[in-house]
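Chemist: My questions are about this predicted structure, shown below with the sequence.
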Amino acid sequence: MEWYIMKDELPTWTDVAQTVIGTLGIAATVITLWKLMKKDKERESEIANLTLIAQKFAELTELNNTRYKEGKMPIMQIITSTDTDGYYLIEIKNLNKNGKVTNYSKMDSRGLKNTLETGLIENEGEQEFAFYIDTSDDEPFILIMSYTVEHRLLYSQNLEVYKSNGKWIASPGIITLLN
């Protein structure tokens, strides 16, 4: 049993150097791993902070877009009058100078054709347009108005038109953004 027998030889300087270098290598490896894990935790924290910043930026961008769209929403003034020939005149003015209507269209819930369309008229920074509607049958109806602002924002509004006390009345609904 030779492995129980101890030799009386002293270790050589190379054995000592290898032991010291090996011990230092193990210590350096442990310290390096510890530093890497610490940096990894710091990076995780930085990534979490950057993610939070990106989410807040996205929320602010969405809020800014919403405010922009609200600032461009048409503010419509509706003026109505009845013609003697059974036609109802609706004049519409856009009072919002920041939101120019570039196109408009309308649909009658009764399927009747609207006559005397006019184009958009600029008047001192305000826009206006008008049209007649056939009211020969005393039935109430809804006009569905669509306004395009700056060729890209589409808004819609319902005008409920009905007869009350012998007079035609146009009751506008809320203007809503469609896109």
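Modeler: Received the coordinates, thanks.
Chemist: Distance-wise, check residue 59 relative to residue 51.
Modeler: 13 Å (C-beta to C-beta, to the nearest Å). (Glycine included, C-beta is placed from N, CA and C.)
Chemist: ok, now residue 127?
Modeler: Taking C-beta to C-beta, one finds residue 127 at 45 Å from residue 51.
Chemist: which one of those two has more residues nearby?
Modeler: residue 127 (22 against 10; other C-beta atoms under 10 Å).
Chemist: Pull the number of nearby residues for the closest residue to the more buried one other than its chain neighbours.
Modeler: Using C-beta to C-beta, 6 or more residues apart in numbering and skipping the chain neighbours, the partner closest in space to residue 127 is residue 94 (4.2 Å). Neighbour count for residue 94, taken as other C-beta under 10 Å: 23.
Chemist: cool, and residue 133?
Modeler: Residue 133: 25 neighbours (other C-beta under 10 Å).
Chemist: Mind listing what's buried along the host helix or strand of it?
Modeler: Per DSSP states H and E, residue 133 falls inside strand 126-134. Applying a neighbour-count criterion of 16 or more other C-beta atoms under 10 Å, one finds 127-129, 131-134 buried in strand 126-134.
Chemist: what about residue 57, which SS state?
Modeler: Following DSSP: H, G, I helix; E, B strand; the rest coil, residue 57 is assigned to helix.
Chemist: And the strands in this structure, which stretches?
Modeler: Under the criterion DSSP state E, strands of the chain are mapped to 76-82, 87-94, 101-108, 121-123, 126-134, 141-149, 153-164, 167-172, 176-177.
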